[in-house]
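**Student:** Quick one, fold the following:
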Amino acid sequence: MLRLPRFILLLAFGSLSLAACSQDEAPSQSPAKIEISEAWARETPQGAPNAALYLTIANEGDIDDRLLSVATDLAAHAGIHSTSEEDGMMRMRSVEALRIPARETISLAPGALHIMLMGLEKPLVKGDEISINLIFEESGEQMIRIPVLGMGERP
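**Tutor:** Residues are numbered from 1 along each chain as shown. Here you go, the predicted model:
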């Protein structure tokens with residue numbers, strides 16, 4: 001039987017002990033977990049080139065996420081926009097990405113953040129449902145169906 005010097009055994013045992021101690025002991029975090037609710041759109045008049053979509057995004061996870069983009073076949077372009085008042089005028093601006101903090105909820109609503117569809121292929125009609133894909137940095141892609149409400153209606 002081969003005998004290893006005691007020192008080599010101690011060295012090997014010590015290395016294993018150090019490796020076990022160096023493991024991360026930080027509490028585990030759950031990934032971003034996005035839940036979409038209260039999604040809706042308004043019907044558009046014949047010939048209207050644009051439409052707005054509204055919804056609520058909740059991040060039930062322990063890490064932040066970001067809504068990076070929106071995709072749909074209904075329009076030439078879809079994007080995240082903000083609305084603000086400047087010098088008595090309402091202004092819309094494109095938002096590159098929308099941060100969804102961990103354990104928080106963000107509402108996209110009329111007169112505030114919303115999803116803009118530009119270059120509509122056809123009008124949005126009351127009673128229809130439209131499909132869009134939301135692309136998140138952490139949570140990936142999520143396809144949702146959005147009901148179209150009548151002019152002046154809200155959920």
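**Student:** For this protein, give me the ranges with low pLDDT.
**Tutor:** When the per-residue scores of the chain are filtered using pLDDT under 70, the ranges that remain are 1-28, 30.
**Student:** Tell me which residue is most central in this structure.
**Tutor:** By CA atoms, centre = their mean, the chain has its centre lying nearest to Leu67, at 3.4 Å.
**Student:** Helix or strand: which one has that one?
**Tutor:** Take DSSP states H and E as the rule and Leu67 turns out to sit in strand 65-71.
**Student:** ditto for Leu134
**Tutor:** Taking DSSP H and E as the criterion, the element that holds Leu134 is strand 129-136.
**Student:** the inter-axis angle of that strand versus strand 65-71?
**Tutor:** Going by axes from the mean of the first three to the mean of the last three CA atoms, to 10 degrees, strand 129-136 is angled at 140 degrees with respect to strand 65-71.
**Student:** Pairing partners for strand 129-136, with directions?
**Tutor:** strand 65-71 (antiparallel), strand 140-149 (antiparallel) (DSSP bridges).
**Student:** mind giving me JSON lines with those strands and columns for distance to Thr105?
**Tutor:** Quick note: C-beta positions are derived from backbone N, CA and C, even for glycine. Listed next are these as JSON lines, based on distance: least, CB to CB, whole Å:
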{"stretch": "strand 65-71", "distance to Thr105": "12"}
{"stretch": "strand 140-149", "distance to Thr105": "16"}
